[in-house]
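**Q** mind folding the following:
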Amino acid sequence: MAFQTPVTVQEILSGIHEKKYLLPAIQREFVWDQNQIRRLLDSLLRGYPIGSFLLWTVDSSTAKQYTFYDFLTEYHERDHPYATKAVVPSGQPTTAILDGQQRLTSLNIAIYGSHAEKKKYAWWNSPDAFPRKRLYLNLLDEPDPEELGLSYDLRFLRDDEAKPAEGVPDKWFRVGDVLGLDAGPKMLQHLKARGIDLNDLGAHQRLYDLYEAIRVTKPINYYLEASQDADKVLDIFVRVNSGGTTLSYSDLLLSMATNQWQQRDAREEVRALVQELNSGGSREFDFSKDVVLKTALMIAGVDLRFRVSNFTQANMDKVEAKWDLTRASLLRAATLLNGFGLSTRSLTAHSVVIPIAYFLASKSHDDAYLTSTGAAADRSALQAWVNRSLMKRGIWGSGLDTTLTRIRQAIDSHDGTSFPVDAAQREMTTIGKSLEFAATEVDELLEVKYGGQRTFPVLAMLYPGLDLSKTFHEDHVFPRSRFTPKRLRDASVPAEQIDMFRDAVDRLPNLQLLGGTANIEKQAALPSDWLLTAYPGAEQRQTYITENDLGVTPGQVAEFMTFYAARKALLRTRLLKALGVTENSPKAAPSSTPDEP
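**A** Numbering: from 1, shown residues only. Below you'll find the predicted structure:
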């Protein structure tokens, strides 16, 4: 590895546009926002160092073995967030950027391109939600001292925003126009043409600072790696990307898959599926590339561990051959989880989707399984298994690959088309991942709080008759808004009990699952008042009270703790029964499976 002669920003960006420099597939996506780009340009104008870069000279024989991408120029958060695949002419070498992609892409967007990100509160599908903006330098004014700590007023603006009003000096200079600007008298002429007073030395200094930073100063210091040993280069890449936004191992392995798939682009297929998974249905998820890649390995029937040795050509051929099945099964699995009432906030262990997708794939279930009456009992059993696994600590954390392998074995050995709940639980128990609960664990679950990781699955387990494919909210039986210190004092709650009331209001005995519309209509009504409005008939009202273990609902906040204690006892009885727990159930052993290497 050799240190090279520094170059100007203009020189390296010219190389990017001449396609001398490309991005290897092992690079992650562009992730910088507008403020990060502004800070980078501000550093350049102030003469600050912007770090060194690492480039890799790839000879023609090596280049044909890898996939490369062009640099983003016109970034659009929705329509064009990713770089496109580059074409490397046969027999030609290239230079790949191993370290510095985010900075170089930012400079490329700032000088040559534009950046369109969603406006706050705008609808994602609105045609006006992503205004195209380019970077401008304010020639006349100092920046807001409270904003980002900038010394230069650099802003991303729409072109129409940068236009001056009639008779007003044209103060917004598009940063990219510096490439066609000459220093000396012509720079003064340019300022004069903008209606800027030439006695304003600040305007001339700012424009000259931009000119110097982009076209004269040589802040791009870089090292050049010439080795063609792929393992060495990958090791260097991982090491130099160990800081900042850390590169996940799946990103690296996915790039290897991209190089090995024959008919598709693995990275584009995976990221498209991630987007589809996370935006489909009535609720959003937050599945990662890791989950998709792990599912692909599981359905392909290969070793699940994220190791370079597993990403052989033979294994990647199996993964690619099963890709359509993987995609369809993951989408169906996400739909099932959606139907179980789960979403980003309540699905606290994303890995649970992997065995569901494998089950659907291995048993050849199509869309009919998601809604058919014949599969209703099996879906209910699967839902209970999912909720148990989310309620129990340590199931989807350490030892994930071992857990998934055991569940895969249980599914493979099951002759029927139903999900083998009992067999899966037996396999999990052998590796310290038992889904059995002890009475002490039930007592712990009764203390979960509003919005907690396990609260939704506990409520779903308590009331399995709810159609969770519709929107349900975690609702406070006694409204939380009535539990401020002042309102509690006004309700004659003794001062020494106020903290106890405020803690209890957010815990499970005061929570229920309530339909979204009903929850909005309920607002801050006390339960006794709301029940009379929502269920005017006495019989209908009593049915709701019984089904939801509300017991006696007092009409006074001061009587809340009496209600709380009574409902806690009712919930405990129901939860013990739902989980098959007796008072003498032994304490379940903690998860003992070590982290995967």
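
**Q** strands paired with the helix or strand where L54 lies, and their directions?
**A** Counting by DSSP states H and E, the element that carries L54 is strand 52-58. Counting by DSSP bridges, the strands paired with strand 52-58 are strand 94-99 (antiparallel), strand 221-225 (parallel).

**Q** in TSV, list those along with mean neighbour count and distance to L44.
**A** Backbone N, C-alpha and C define where each C-beta goes, glycine included. Putting these into TSV (neighbours: other Cβ atoms under 10 Å; distance: least, Cβ to Cβ, whole Å) gives the following:
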stretch	mean neighbour count	distance to L44
strand 94-99	22	18
strand 221-225	18	13
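
**Q** looking at the ones you listed, which is nearest to D42?
**A** Of all the strands paired with strand 52-58, it is strand 221-225 that lies closest to D42, at 19.0 Å by Cβ to Cβ.

**Q** let me see the mean pLDDT of the closest one.
**A** Averaging pLDDT along strand 221-225 gives 89.

**Q** equivalent analysis for stretch 13-27, please.
**A** 88.

**Q** likewise for stretch 55-64?
**A** Per-residue pLDDT over stretch 55-64 has a mean of 87.

**Q** now stretch 359-369
**A** Mean pLDDT, stretch 359-369: 96.

**Q** start to end distance for it?
**A** 12 Å (Cα to Cα, to the nearest Å).

**Q** identify the residues contacting that stretch?
**A** 299, 322, 325-326, 328-329, 332-333, 375, 379, 382, 411-412, 417, 419 (Cβ atoms under 8 Å, 6 or more residues apart in numbering).

**Q** quick one on the thing from earlier: need the strands paired with strand 52-58 in JSON lines with distance to M316, can you?
**A** Written out in JSON lines, the entries for the strands paired with strand 52-58 read as follows (distance: least, Cβ to Cβ, whole Å):
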{"stretch": "strand 94-99", "distance to M316": "21"}
{"stretch": "strand 221-225", "distance to M316": "26"}
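
**Q** any idea which of the ones you listed gets closest to P143?
**A** Of all these, strand 221-225 sits nearest to P143, with 27.3 Å by Cβ to Cβ.

**Q** which residues does the closest one contact?
**A** By Cβ under 8 Å, 6+ apart, the surrounding residues in contact with strand 221-225 are 1-4, 6-7, 49, 52-57, 95, 98, 100, 233, 236.

**Q** any quick PyMOL command for the buried ones out of the residues you listed?
**A** One line in PyMOL is enough to select the buried ones among the contacts of strand 221-225; burial here means 16 or more other Cβ atoms under 10 Å:
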select buried, resi 7+53+54+55+56+95+98+100+233+236
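
**Q** tell me which helix or strand comes right after the strand holding L54.
**A** Moving toward the C-terminus from strand 52-58, the next element (DSSP H and E) is helix 60-63.

**Q** mind exporting the C-alpha coordinates of that next one to PDB?
**A** The C-alpha coordinates for helix 60-63 follow below in PDB (Å, rounded to 0.1, in the frame of the first residue of the first chain):
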ATOM      1  CA  SER A  60      -8.500  -6.400 -15.800                       C
ATOM      2  CA  SER A  61      -8.400 -10.100 -14.900                       C
ATOM      3  CA  THR A  62      -9.500  -9.300 -11.300                       C
ATOM      4  CA  ALA A  63     -12.100  -6.700 -12.300                       C
END
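
**Q** quick one: distance of it to the chain centre.
**A** Computed by Cα atoms, centre = their mean, to the nearest Å, the chain-centroid distance of helix 60-63 equals 35 Å.

**Q** report the buried residues of that helix.
**A** T62, A63.

**Q** what do you get for stretch 561-573?
**A** For stretch 561-573, the neighbour count (16+ other Cβ under 10 Å) marks F563, Y564, A566, R567, K568, L570, L571, R572 as buried.

**Q** quick one: the strands in the chain, in order.
**A** Secondary structure of the chain by DSSP state E: the strands cover 2-3, 21-24, 52-58, 68-69, 74-76, 94-99, 114-116, 134-138, 154-157, 172-174, 221-225, 472-476, 511-515.

**Q** please name every helix or strand in contact with the first one.
**A** Using 3 or more Cβ pairs under 8 Å, 6 or more residues apart in numbering; DSSP states H and E as the contact criterion, the neighbours of strand 2-3 among helices and strands are strand 221-225.

**Q** distance across stretch 177-188, terminal residue to terminal residue?
**A** End-to-end distance for stretch 177-188, by Cα to Cα: 15 Å.

**Q** hmm, who's touching that stretch?
**A** Taking Cβ under 8 Å, 6+ apart as the criterion, the residues outside stretch 177-188 that touch it are Q10, I111, H190, L198, H204, L207, Y208, L210, Y211, I214, R215.

**Q** how far out from the middle of the chain is that stretch?
**A** Its chain's C-alpha centre lies 44 Å from the corresponding centre of stretch 177-188 when counted by Cα atoms, centre = their mean.

**Q** and stretch 449-461, by the same measure?
**A** 21 Å.

**Q** show the contacting residues for P554.
**A** Contact analysis of P554 by Cβ under 8 Å, 6+ apart lists S528, F560, T562, F563.

**Q** hmm, try it at 6 Å
**A** The neighbours of P554, taking Cβ atoms under 6 Å, 6 or more residues apart in numbering as the test, are F563.

**Q** got it, and the one 3 residues further on?
**A** For V557, the residues meeting the contact criterion (Cβ under 6 Å, 6+ apart) are R482, A491.
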